[in-house]
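Enquirer: my questions concern the predicted model and sequence given below.
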Amino acid sequence: MIDFVAIEQALVLLFSSLTPWLVVVPGILIGLVFGAIPGLQISMAMAIFLPMTLYMDFMQAMLFLTAIFTGGSFGSGVPAILMNIPGTSSAIATAFDGYPMARKGEHNQALGIALGASAFGVLIGYLILFVLIKPISGLVLKLGPAEMFAVILWGMTLIASLRGDYMLKGLIAGFAGLLVGTIGFSEAGVLRGTMGSEYLLDGVPVIPAMMGMFAASELLRLVNTDYLVENEAARKVNMKLLMQGFRQAFRYPVVLLRGSVIGVFIGAVPGVGSSVSNLLSYIETKRRDKNPESFGEGNPKGVVASEAANSTSEAGSMATLLALGIPGGGATAVMLAAFAMHNITGGPQFIREQTDVVYAIIFANFGQVVLLMGLALLFLPILANVVKVPMSYLIPSVLSLAVFGSFGLTGNMSGPITVLVFAVIGWLFRRYNYSVPAAVIGILLGSMAESSLLHSYQISGGELGYILERPITLFILALLFLSLFGSKMMAMLQRRSQQEETTV
């Protein structure tokens, strides 16, 4: 399974000269900056700097783009922790416990934990990719539209169940998000839900909606507070506490490993990957914990679970790109463009004929982990100072950044309007205990769910028996059923056994 001759050739490619490594440090810094600024996406950073790769050889271009990817995967968790603003959809779950930790003055530890988990995630993700790249690619090929739709439904139900006391409200929020995600033209050319507005022909802009529901609505809620962290002593930036948090991440090896495995295999599913993997890892960690009610209140395990899966999903999406030539998301779509620019096509033939290049890309990411840790530790103390900014300055600054960033994304007023509308919706959701994350993930996955369902219907001819011929679909649907009713069924069985013991 492992080609040792190719390994030797890969090491020669990487270390025969320092030229390939000259672009790694700038790449990681670009990723950190773009990931840490709300509204700026990793894929946007990669697209902006893609023309530069024309002047590089293929190996150097891949190192540059994967370095941006690696830096951005961690950088997106920084605003999630400090301001409850996920830099990307892959850092949504990081905010669940990272932000409460920051509010309690534990922002240094939370950032250190995120860095430790993220670095470990990249390392384990590429290690799994190194060993299992061919089996993973074979598994992904077996996933059709029916399996994709089942994965999306399963993810939605898991997200809705995050707050057990309000599961029904979570489901309502999630499916409301799915409906919002289908606004505009469908693949069949049908126009839905635009209410006559030309701005909605292409659907609701996802990133502005996410910024409105997560960031703007939270800022509206904090309007009467003075600082993000109320305790003045706790607002200090402390490298010792950052390092303490970094070490703390490794106190939860089971959480790290579970998140990494989830990240790789869910990350390999095209289009779903990082948007869902961090949430699945978080939910599974919460479900297995002895104290699940502590999640959402600042439990470090929540940050570890999310960041491990978030960063590891990079390796999963790279697996589909390298082995199948299929981009797993926006970032790998840009990499696919770089492949084309260098007249290279990903897929089984690429792995078979250029195994040394594949291994070199994987080994380069091991080196990037070390550089990421060093650069992030220099970068974090600067960003952590945001907790010292009075809310009277921070709120208008962040809102302005969100509004201008959304305008830059859409190129018209639909972006700023979307931010403001969804800020109000997010505030109402928080007030009446509806799940904001479920709604946002619904919006993210709405069009994909519709597309998968439509393709499944076309393939099956409308026959429900088609599902019975898809064992992977049945397995995922069984997991969906267990996630919805498993805990209640276990509780009923326990009560029944206790009653029987009492009777005896």
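Expert: Arrived safely.
Enquirer: and the strands in this structure?
Expert: Shown for the chain, the strands assigned by DSSP state E span residues 184-185, 191-192.
Enquirer: adding distance to residue 369 and mean neighbour count, write those out as TSV.
Expert: For every residue, glycine as well, the C-beta is placed using N, CA and C. Shown next, in TSV, are the strands of the chain (distance: least, Cβ to Cβ, whole Å; neighbours: other Cβ atoms under 10 Å):
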stretch	distance to residue 369	mean neighbour count
strand 184-185	40	17
strand 191-192	45	12
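Enquirer: closest to residue 403 out of those strands?
Expert: Smallest distance to residue 403 across the strands of the chain (Cβ to Cβ): 22.2 Å, for strand 184-185.
Enquirer: from the chain's centroid, how far away is the closest one?
Expert: 26 Å (Cα atoms, centre = their mean, to the nearest Å).
Enquirer: and what of stretch 338-354?
Expert: With Cα atoms, centre = their mean as the basis, stretch 338-354 stands 26 Å off its chain's centre.
Enquirer: now the end-to-end length of that stretch.
Expert: Start and end residues of stretch 338-354 are separated by 16 Å (Cα to Cα, to the nearest Å).
Enquirer: just give the nearest non-adjacent residue to residue 31, would you?
Expert: Leaving aside its chain neighbours, residue 31 sits nearest to residue 71 (2.5 Å; criterion: Cβ to Cβ, 6 or more residues apart in numbering).
Enquirer: likewise for residue 66?
Expert: Once flanking residues are discounted, residue 66 sits nearest to residue 365: 5.9 Å by Cβ to Cβ, 6+ apart.
Enquirer: contact partners for that neighbour?
Expert: 66, 70, 122, 126, 315 (Cβ atoms under 8 Å, 6 or more residues apart in numbering).
Enquirer: again, only using 10 Å
Expert: With contact set as Cβ atoms under 10 Å, 6 or more residues apart in numbering, residue 365 has these partners: 24, 62-63, 66-67, 69-70, 122-123, 125-127, 129-130, 314-315, 318, 372.
Enquirer: inside helices: which ones of those?
Expert: 24, 62-63, 66-67, 69-70, 122-123, 125-127, 129-130, 314-315, 318, 372 (DSSP state H).
Enquirer: re the thing from before, any idea how far the residue nearest to residue 66 is from residue 438?
Expert: For residue 365, the distance to residue 438 equals 32 Å [Cβ to Cβ, to the nearest Å].
Enquirer: what's the burial count for residue 355?
Expert: 18 (other Cβ atoms under 10 Å).
Enquirer: just residue 428 next, same as before
Expert: For residue 428, using other Cβ under 10 Å, the count is 11.
Enquirer: you'd agree residue 453 is up against residue 149?
Expert: Yes. The criterion here is Cβ atoms under 10 Å, and residue 453 meets it with residue 149 at 5.1 Å.
Enquirer: ok, these two, which is more surrounded?
Expert: residue 149 (24 against 16).
Enquirer: picking up where we left off before, pull the contacting residues for the residue nearest to residue 31.
Expert: If you count contacts by Cβ under 10 Å, 6+ apart, residue 71 has them with 24-36, 42, 45, 118, 368, 371-372, 375-376, 379.
Enquirer: again, only this time at 8 Å
Expert: Counting by Cβ under 8 Å, 6+ apart, residue 71 makes contact with 27, 28, 29, 30, 31, 32, 35, 372, 375.
Enquirer: need the residues you listed in TSV (columns: neighbour count, pLDDT and distance to residue 496).
Expert: Below are these laid out as TSV (neighbours: other Cβ atoms under 10 Å; pLDDT from 0 to 100; distance: Cβ to Cβ, whole Å):
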residue	neighbour count	pLDDT	distance to residue 496
27	25	91	58
28	27	91	56
29	19	89	59
30	21	88	58
31	29	86	53
32	27	85	54
35	29	77	50
372	28	88	52
375	19	88	56
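Enquirer: on that earlier part again, what separation is there between the residue nearest to residue 31 and residue 146?
Expert: Residue 71 is 36 Å from residue 146, by Cβ to Cβ.
Enquirer: how about residue 311?
Expert: 29 Å.
Enquirer: give me the more crowded residue out of these two.
Expert: More neighbours surround residue 311 than the other of residue 311 and residue 146, with 35 against 24 (other Cβ under 10 Å).
Enquirer: I figured that one hits residue 114, correct?
Expert: No. With contact defined as Cβ atoms under 8 Å, residue 311 does not count as touching residue 114 (9.5 Å).
Enquirer: mutual contacts of these two, please.
Expert: residue 74.
Enquirer: what about residue 301, how many residues nearby?
Expert: Neighbour tally, residue 301, other Cβ under 10 Å: 25.
Enquirer: spit out the contact partners of it.
Expert: 97, 252, 255, 285, 289, 295.
Enquirer: want to throw these into JSON lines with pLDDT and distance to residue 204?
Expert: Converted to JSON lines, the contacts of residue 301 look like this (pLDDT from 0 to 100; distance: Cβ to Cβ, whole Å):
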{"residue": "97", "pLDDT": "91", "distance to residue 204": "28"}
{"residue": "252", "pLDDT": "92", "distance to residue 204": "37"}
{"residue": "255", "pLDDT": "92", "distance to residue 204": "34"}
{"residue": "285", "pLDDT": "89", "distance to residue 204": "31"}
{"residue": "289", "pLDDT": "84", "distance to residue 204": "35"}
{"residue": "295", "pLDDT": "88", "distance to residue 204": "29"}
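Enquirer: possible to save those as JSON lines with distance to residue 412 and neighbour count?
Expert: Output for the contacts of residue 301, formatted as JSON lines (distance: Cβ to Cβ, whole Å; neighbours: other Cβ atoms under 10 Å):
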{"residue": "97", "distance to residue 412": "36", "neighbour count": "27"}
{"residue": "252", "distance to residue 412": "45", "neighbour count": "21"}
{"residue": "255", "distance to residue 412": "43", "neighbour count": "25"}
{"residue": "285", "distance to residue 412": "41", "neighbour count": "26"}
{"residue": "289", "distance to residue 412": "45", "neighbour count": "16"}
{"residue": "295", "distance to residue 412": "39", "neighbour count": "23"}
